[in-house]
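Trainee: Okay, sequence plus prediction incoming.
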Amino acid sequence: MVDFKRMIDEELVVAYAEGNNAAFDVLLNRHQSSIYSYIFFIVRNKELAEDIFQDTFVKAIVTIKQGRYTETGKFHAWLCRIAHNLIIDCFRQGQNEQTISNDECDVDLFNNARFSDITVEDKMVKEQILSDVKKIVDYLPANQREVLVLRYYQNLSFKEIADITGVSINTALGRMRYAILNMRNIAQKKQMILSVD
């Protein structure tokens, strides 16, 4: 019996193209969390994120089944590119008006065990900092917020970010630089202290 879980993405794509649906199930399980998180963080709407997530994988299925998948070794980046294009299409259609705040969601993308500390006071300070960071990120333009998410939450390289967003590496680097500068400026204007020194 074939152990699909031990296969790399490219092998699973070939197996699925040859008619083995279990191979795609493994691909879906492997990438669904990060792709959904990426989409949700950009659109800020659970229902819209679910729709775009489903459309992303439907488009991937159709492309693979039609034999048009040509990426090698970059399946995750390819999925992110599909999701990115669908998000752009959605924004162009004006559906981004249905956004909601992170505070209204069940999933908190900023909640991470490594931020908790021993004392209650330290924990409260860190929670306030995270809350402030969330607010600041909301003020960023969509293209800067997207690069920030891909870099810090998806752990992608700037080359991968450039490929996904369809811009040059220098543009991706520039967007990250402006995102950080904008975050600093917003923090100063709002008199937020974003460190526990």
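Mentor: Yep, it's here.

Trainee: okay, Ile100: pLDDT?
Mentor: At Ile100 the predicted local distance difference test score is 50.

Trainee: For the strand or helix carrying Gln54, buried residues please.
Mentor: Of the helices and strands defined by DSSP states H and E, Gln54 is found in helix 46-65. Neighbour counts over helix 46-65 (16 or more other CB atoms under 10 Å) mark 48-49, 51-53, 55-57, 60, 63-64 as buried. Bear in mind the C-beta positions are built from the backbone N, C-alpha and C, glycine included.

Trainee: For Met183, give me its contacts.
Mentor: Taking CB atoms under 8 Å, 6 or more residues apart in numbering, we find Met183 in contact with 133, 136-137, 140.

Trainee: Export the residues you listed to JSON lines and append columns for pLDDT.
Mentor: What follows is these, written out as JSON lines (pLDDT from 0 to 100):
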{"residue": "Val133", "pLDDT": "76"}
{"residue": "Ile136", "pLDDT": "82"}
{"residue": "Val137", "pLDDT": "81"}
{"residue": "Leu140", "pLDDT": "88"}
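
Trainee: Among the residues you listed, which lie within helices?
Mentor: When helices are assigned by DSSP state H, the members of these inside them are 133, 136-137.

Trainee: Make a ChimeraX selection of whichever of the contacts of Met183 turn out to be buried.
Mentor: Listed next is the ChimeraX selection for buried residues among the contacts of Met183, using 16+ other CB under 10 Å:
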select :136,137,140
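
Trainee: Name the nearest of the contacts of Met183 relative to Phe40.
Mentor: Each of the contacts of Met183 was checked against Phe40 using CB to CB; the closest is Val137, at 13.2 Å.

Trainee: excluding its backbone neighbours, what's nearest the closest one?
Mentor: With CB to CB, 6 or more residues apart in numbering as the criterion, Val137 has its nearest non-adjacent residue at 6.0 Å, and that residue is Arg145.

Trainee: Can you name the helix or strand that that neighbour falls in?
Mentor: helix 142-152.

Trainee: Enumerate the positions of that helix that are buried.
Mentor: Buried positions in helix 142-152, judged by neighbour count with 16+ other CB under 10 Å: 143-151.

Trainee: Same question for the helix ranked longest in the chain: list its buried residues.
Mentor: In the chain, taking DSSP H as the definition, the longest helix is helix 21-43. If you call a residue buried by 16+ other CB under 10 Å, then helix 21-43 has these buried ones: 23-24, 26-27, 30-31, 34-43.

Trainee: Domain map for the chain?
Mentor: Residue ranges for the structural domains of the chain, counted by automatic domain parsing, are given in the record as 1-103, 110-197.

Trainee: mean pLDDT for the ones you listed: which is lowest?
Mentor: When the domains of the chain are compared by mean pLDDT, domain 110-197 comes last with a mean of 78.
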